[in-house]
Structures are given as structure tokens and as C-alpha cells.
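Student: Curious how this folds, go ahead:
(chains A and B)
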Number of protein chains: 2
Amino acid sequence: MTENRIFNFNAGPSALPLPVLKEIQESFLNYKNSGMSLIEMSHRSAQFDEVVNDTVARTRRLLNIDEKYHVLFIQGGASLQFAMIPMNLLGVGSSADYVNTGTWSTKAIKEAKLLEKKINVVASSEDKNFSYIPQNIKFNKDAKYVHITSNNTIKGTQWHSFPDTNGVPIISDMSSDIFSRPLEMEKFGMIYAGAQKNIGPAGVCLVIMRDDMLKLSEDLLQSETKTLPNMLRYNTYSSQNSMYNTPNCFGIYATQLVLKWLEEEVGGLAKMEARNQEKGQMLYDFIDGSNFYRATAEKESRSLMNVTFRLPSEELEKEFIGQATKNGMGGLKGHRSVGGCRASIYNATTMEAVEALIKFMKSFATGK
Amino acid sequence: MTENRIFNFNAGPSALPLPVLKEIQESFLNYKNSGMSLIEMSHRSAQFDEVVNDTVARTRRLLNIDEKYHVLFIQGGASLQFAMIPMNLLGVGSSADYVNTGTWSTKAIKEAKLLEKKINVVASSEDKNFSYIPQNIKFNKDAKYVHITSNNTIKGTQWHSFPDTNGVPIISDMSSDIFSRPLEMEKFGMIYAGAQKNIGPAGVCLVIMRDDMLKLSEDLLQSETKTLPNMLRYNTYSSQNSMYNTPNCFGIYATQLVLKWLEEEVGGLAKMEARNQEKGQMLYDFIDGSNFYRATAEKESRSLMNVTFRLPSEELEKEFIGQATKNGMGGLKGHRSVGGCRASIYNATTMEAVEALIKFMKSFATGK
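Tutor: Numbering: from 1, shown residues only, chains lettered A, B, ... in the order given. As a prediction, this is how the structure comes out:
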């Protein structure tokens, strides 16, 4: 802990890299000698153009993708994407496959159904309370896309490899594990991520969309989706560098700094993955070796971002969370829909924080 | 000028009150002893609840409205509202009146038409290049609402009083003059404002919606608008205190501080209006008394937020803007669609800034 800051295990919005926060703070009244705060600056200025362009360039470098992938910043979070994806990509008679791995997948499925789009739920782990990632899924060859949630914050599961979909593009909600590891991008037609876990503050959603998916949406605009509002069309964003209207400038700027930190301080996604594996393994190893704490997700599906666990009783869990708070550790309560405990250890969570948590968990268990 | 900050006449995003920026900066690493930045904090926490609730309460106090008016925070700016309004409020067979006073009204009209909604453009000032606000408009008694743009940033015009619409609720885009003056709220069924001019940073749109309008949208959800995405329904926001999903937390927080400044430092909207009138009058008086500068909007329709003016030639305008920049005055270029010069003097622009601008304008004119 430095500067009276706690160890922050929030599930989102969540911990951001301290050097990023410090840079924002230092330049808050006068951004790069402009004489104004970044939040007082025109989004049509050369200085803000540079912010957007650099964020796009860093995204491409980190993921090792070229201009075939459009990098867009859209407001409304992943929840708006749940609607925009089927609205833009599914015409009459076409369908998509969805895999249901928990709350967020379920919401994406519900939204597509609300829109009366044809979708097939090709696999689900609901039978075991979403505690695992389904394997050996039979996908439909004629689906326009396969929708998955790469990491499930609430149940603490994560896809560790991505399925073979017979060439059908995968669209993944990566809100909670974007930039936590390198990706085989050729499998993905689109990935999207609300910024507020691994990238930056809430209010900006990063959308990375391949040419062919954008083309599919543009073809439909010529025929079936003519009445789609401009703000819900992907090409409104792709054709104007995400500045058809005023974007969330502060959110994009903070994202830029997080990506700079990833590139220049962490050293890229392979190194980020190694750090995340080390943190996750240390915490899971401790839990597995304990007869007091119990991890809730199946071993081979465990998330490196959200470590969900239980104590022997709900009473002890409540006491645990209360004492943790007093000891400078925040955000350890499980999601209100499932209870229990959860330590979210995203990119910005340091090894020091995980070590402190384990130390506290040991001492708490010993005292009981 | 303090701390190497310029006099900022940007049209939006634009100048914010310095005390607000300083408070954000000071608490950026540790918000109210929470041990984290506000942007690292769960939107489901008691501390963030307090931010939202206080912003809502301040909005109601400033505008002198009660709980009949719902105060919502929606992403996507005014541009998304251009679509959400007709999508939520116009069923088959019903129609709305629109008044066209410039670029933003035109966009709102285009969006409603794109959605194939029935609207009537009952008045327009396009005949004189949008240099005035139409008067004596004949409104349709059976319209569901009358849509206007209360202030037009590009042409520098503003509605100084609001029309009698035979009891039809007015919906106003107030992105560029919200909270600049008291309002007769009983005339309005809804007002909305992208935050980035008078309220805060870009990425949050304040929507104030009266019960009857919300009820109208809810009735339509039962019949004609059943397939409307959740993120585009007003009652998604009203039923969950704007937290159906993660909102733009930072944007709401900055808005809260701006409203606090309005209440506690300025002293309310009547005092804010007096300040704005004083600033506007001083600048217009100077321009009118000069034979070098010429104001472009018709006198009785002039905006107190955006003062648009021309110099004798485009060459001189270019030189003027260049020299102003060198003298620590930014954002004086007119909108790219119209050219000329524009000084945006929103709530946060100080009298000191206006005085400095006039002094510079005098000296520039004398030198020519």
C-alpha cells in the first residue's frame, strides 16, 4: 500500500495501474502544455486526434493485428453491444450460435431474442451452475457468428483456449480479460470490452471488428437494416475514427495510458499473461492447499481474473470480508447474485496485493 | 490566467470551473478516504450511490423540480437521444413537431425520419442561414411533443423564451445551455444535454423526463415497441437509478461537482443567468460598437453561450485566431461548417476571460 491506497480487488470498475493514475493526476489542469485539462479540449483538436490514433495504434500492436481490424470506441458498454451485434449482423433468415457460460452470456442471449433474431444456444454450463466452460461444442456451419464470453466475472470461469468453429467468426465479449494475454486473432470476427476492468474507466467500450464483419453489417444497411439509428451502426464509428459525435474523451485518454503502460512497462501481452498466471497460480495453490477455503469453479475452467471461493459458512464469509476491509483489502465480496467471496486480480493488480491477500487469508483461517 | 492555463473559448468539450478540476485532481488517487480513485470504485458501492443520488438531488434543486421529473444519465450523447426520443415516444399514427434552428435540429429531424417516424417540421430559420429563432409558430395540437434546440452552438442563436405549444410538451436539446438560466419547467416534458459544455466531461448525457412522457414510453413498450433494446428504453434507466449497467462514473462525478459549484459558489441559476448576461452583453456591446467586428446572429436571437462574429476578411480572421492563440486565448475558430470566429462563453468562462478577449480584440483591430 502506498499513499493510503488499499489493495483493491473490485470486480469492476476496478484497480488501475498506479503510474497511469499519477500521470492523469499530474496533467489534469494542463494537458501537455495545452493550457487546459484534457476534459476541456475539443475532440476535433490535433491533440485529441493524437490520443485516439495512438490508442488505436497501441491496440493493433499489442494484439498483433493490422488495418483489416477496425478499432472503435463506442459508448453504452458491453450491454449496448449485446443489442448492436445482432441488430447489425443478423438479417432475416440468418442465425448465430451463442454459448451460455453465465450471467453476461445470458444477457447477450436475452437481448438477441428480445430483438426477435434467430439464435441457437449451442452449449451451456447452466446444468452445473455455470462452474465450467463447455467443451466439444457442435457449431452450426451456416451461423453468421459464434458468440462467447471469454471470462465470466461472476462464476470465475474463463476460456483458456478458443474453440474450432468451422471457420465461423467468433465474437467475444472480453470485458473482463481483454489484454490479459495474447490472442489468436484470426479466430475472431470481433471482440468487444467495456473498459472498466482491464483497460480504463467505465463509459467506453472498445470494439475490434474485422473487415468482413463490417462489410456484412454494411451490406445489411443497404437492404434490411435501413432504419437502424446512426449511433447503432458500426460504420458510423469506423468511417469517422469513432468521432461521429463527441466520444468519451477522458475514457479514451485513460485507455491510451493503460495501453502505454502495457507496452512500455509490462512489455506486452505475453509478459502480462506470465504475470497473470503467476498471480492466479499463487492464489489458487493457496486455496487448494487449505481446508478452510474452497474454490468454486472447476479446475480446468478457472479464471485468472476472478478467483471465486467460499468459506465454511456464510457467517464466516461476512466476517472475512469485514476484517479484510479493516486490513486495507477491498472488493472481496462475491457478486450479489451468488454470494461467497471473490478476488478480482486483473492486469493492474500487483503481486504485492496477491501476497498480502494470501497472508491475510492464512491468518484469518488460523484464527478460526 | 493561472497555472499556465489559457483562456478557453472552446465550443465543446469546453472550459470547466477551475475549483472543480482542482477537486478532481486532489482526490484522484484516493477518493474520500476510500483508498482508491473514484474511477477504480464499484458503481454498486455506497460511495458511488451517494455520488449519483447527490447529482440527482442537485439537479432537482437547481431546476426547482420534484420527483415527477426523472433524472437520468445515459451514454451516447445528444446524438443517441435524437434516435431514442422518437423510438420511445412515437407509435404508429402519432406524430411530433420539430423546429429547425440549425445543424443539431437538422440532425434530430434526420434521425427521426431515418426511423420512419411521422414528424412535421413546423418552422425553420434555414431561409436566413439559421441566423434567427422563428417566432409565432403554429404547432399541431395532436403532436406528442414539440422538439427544439434551445441554443445553437454553430450559428450562435438561442431561444430567449419558450413558445406556447397549446399544452403539447416541449422536448429540448439543451446540450449547450443547460443550467445557464432558470427554466419554466412546466413547459417541458423532457430536456436533455450532452454534458461536455456546461456540465462536465463528454460521455454522459443528462436526461430529465417528466412522468407523463415516461408513462407514454412505457405504454408503447407494451404494444408497438416490444423489440426495443433494453439500453434504448428510458425505463431501463428510470427503474434502476441509471445503473442497469455500469454508467460513466467519472462523468457523473464531475457533473456532481459542477452542480455543487453552481449551487454553493455561484448561488443558483438566477445568479448564473445574471453572470452570463453580463458577460454576453459586454462582448456583444463591444462588437456592436466596433466597425471591424460584425456579429452574425440577429440581435433578438443572439446566444449568450456562443458569440459568433466575422472580421472584414477570411485572411484577417485567420490572423486573428493565430494571434489570439499566441496570446493565450484558445478555441476562437468558428465551426468547420461555417468559418468565421466564435467565442464560447459557457457558465465556466469567467468575466476575466471575456475582458481579456475584448482587450485583445481592441488591440488587434487597432493594429489593422
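Student: going forward, measure contacts and count neighbours with C-alpha atoms only.
Tutor: Will do.
Student: State the pLDDT value of A:Tyr69.
Tutor: Listed pLDDT for A:Tyr69 reads 98.
Student: That one pairs with what?
Tutor: Under DSSP bridges, the beta-bridge partners of A:Tyr69 are A:Arg210.
Student: quick one: it and A:Val207 touch, right?
Tutor: No. Using CA atoms under 8 Å, A:Tyr69 makes no contact with A:Val207, being 9.7 Å away.
Student: Ramachandran coordinates for A:Gly93?
Tutor: A:Gly93 has phi and psi values of phi 90, psi -20 when expressed as degrees, to the nearest 10.
Student: That one: how many residues sit nearby?
Tutor: Residues near A:Gly93, counting by other CA atoms under 10 Å in any protein chain shown, number 7.
Student: List phi and psi for A:His147.
Tutor: With angles defined as degrees, to the nearest 10, A:His147 sits at phi -100, psi 130.
Student: for A:Leu78, phi and psi?
Tutor: Just so we're on the same page, residue A:78 is Ala rather than Leu. Main-chain torsions, A:Ala78, degrees, to the nearest 10: phi -60, psi -30.
Student: from memory it sits against A:Ile191, does it?
Tutor: No. Counting by CA under 8 Å, A:Ala78 sits too far from A:Ile191 to count as a contact (10.4 Å).
Student: Could you report the pLDDT at the residue positioned nearest the centre of chain A?
Tutor: For chain A, the residue whose C-alpha lies nearest the mean C-alpha position (CA atoms, centre = their mean) is A:Ser175; its distance is 1.7 Å. With respect to pLDDT, A:Ser175 has a value of 98.
Student: Would you map the helices across the stretch 201-350 of chain A?
Tutor: Along the stretch 201-350 of chain A, counting by DSSP state H, counting those that start in this stretch, helices occupy A:211-221, A:234-238, A:249-260, A:269-289, A:314-326.
Student: Chain B is nearest to which of these?
Tutor: helix A:249-260 (6.2 Å; CA to the nearest CA).
Student: Okay, angle between that closest one and helix B:249-260 too, please.
Tutor: Here helix A:249-260 runs at an angle of 140 degrees relative to helix B:249-260 (axes from the mean of the first three to the mean of the last three CA atoms, to 10 degrees).
Student: then helix A:249-260 to CSV, C-alphas only?
Tutor: Taking Å, rounded to 0.1, in the frame of the first residue of the first chain, the C-alpha atoms of helix A:249-260 are listed here in CSV:
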residue,chain,number,x,y,z
CYS,A,249,-12.6,11.7,-24.4
PHE,A,250,-11.5,11.0,-20.9
GLY,A,251,-12.2,7.3,-21.1
ILE,A,252,-10.2,7.0,-24.4
TYR,A,253,-7.3,9.0,-22.9
ALA,A,254,-7.1,6.8,-19.8
THR,A,255,-7.2,3.7,-22.0
GLN,A,256,-4.3,5.1,-24.1
LEU,A,257,-2.3,5.4,-20.9
VAL,A,258,-3.1,1.9,-19.8
LEU,A,259,-2.1,0.5,-23.2
LYS,A,260,1.1,2.6,-23.0
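Student: How about residues contacting that helix?
Tutor: Residues from elsewhere that reach helix A:249-260 (CA atoms under 8 Å, 6 or more residues apart in numbering or on different chains): A:16-17, A:20, A:24, A:38-39, A:43, A:48, A:51-52, A:54-55, A:58-59, A:73, A:195, A:199-204, B:201-203.
Student: follow-up on the earlier one: for the residue nearest to the centre of chain A, which non-adjacent residue is closest in space?
Tutor: A:Ala193 (3.7 Å; CA to CA, 6 or more residues apart in numbering or on different chains).
Student: Would you agree A:Gln277 is in contact with A:Leu304?
Tutor: Yes. In this structure, A:Gln277 is within contact of A:Leu304 by CA under 8 Å, at 6.7 Å.
Student: more neighbours, these two?
Tutor: Between A:Gln277 and A:Leu304, A:Leu304 has the larger neighbour count (other CA under 10 Å), namely 26 against 17.
Student: ok, the closest residue to that one other than its chain neighbours - how many residues close by?
Tutor: In this structure, A:Leu304 finds its nearest non-sequential neighbour in A:Gly280, 5.2 Å apart by CA to CA, 6+ apart. Neighbours of A:Gly280 under the rule other CA under 10 Å: 23.
Student: which bits of the stretch 51-200 of chain A sit near chain B?
Tutor: Within reach of chain B by CA under 8 Å from any CA of the partner chain, the stretch 51-200 of chain A has these residues: A:74-77, A:79-80, A:83, A:111, A:114-116.
Student: Going by neighbour count, which of these comes out on top?
Tutor: In terms of neighbours by other CA under 10 Å, those top out with A:Ile74 at 29 neighbours.
Student: In contact with that residue, which residues?
Tutor: For A:Ile74, the contact set (CA under 8 Å, 6+ apart) comprises A:204-207, A:237, A:242, A:247, B:76.
Student: Looking at those residues, which two lie furthest apart in space?
Tutor: Within the contacts of A:Ile74, A:Val207 and B:Gly76 form the most distant pair, 15.0 Å apart (CA to CA).
Student: Tell me how many other residues surround A:Thr308.
Tutor: By other CA under 10 Å, the residues close to A:Thr308 number 27.
Student: contacting residues around the residue nearest to it when sequence neighbours are not counted?
Tutor: Sequence neighbours aside, A:Arg342 is the residue nearest to A:Thr308 in space, at 4.3 Å (criterion: CA to CA, 6+ apart). Counting by CA under 8 Å, 6+ apart, A:Arg342 touches A:9, A:306-309, A:331-335.
Student: ok, now which ones touch whichever residue of the stretch 51-200 of chain A sits closest to chain B?
Tutor: Closest contact between the stretch 51-200 of chain A and chain B, by CA to the nearest CA, is at A:Leu115 (4.9 Å). Going by CA under 8 Å, 6+ apart, A:Leu115 touches A:83, A:86-87, B:227-229.
Student: any idea how chain A splits into domains?
Tutor: For chain A, the domain assignment from automatic domain parsing gives the residue ranges A:22-264, A:268-366.
Student: which one of those has the most crowded surroundings?
Tutor: Scoring those by mean neighbour count under mean count of other CA atoms under 10 Å in any protein chain shown gives domain A:22-264 as the most buried, with a mean of 20.
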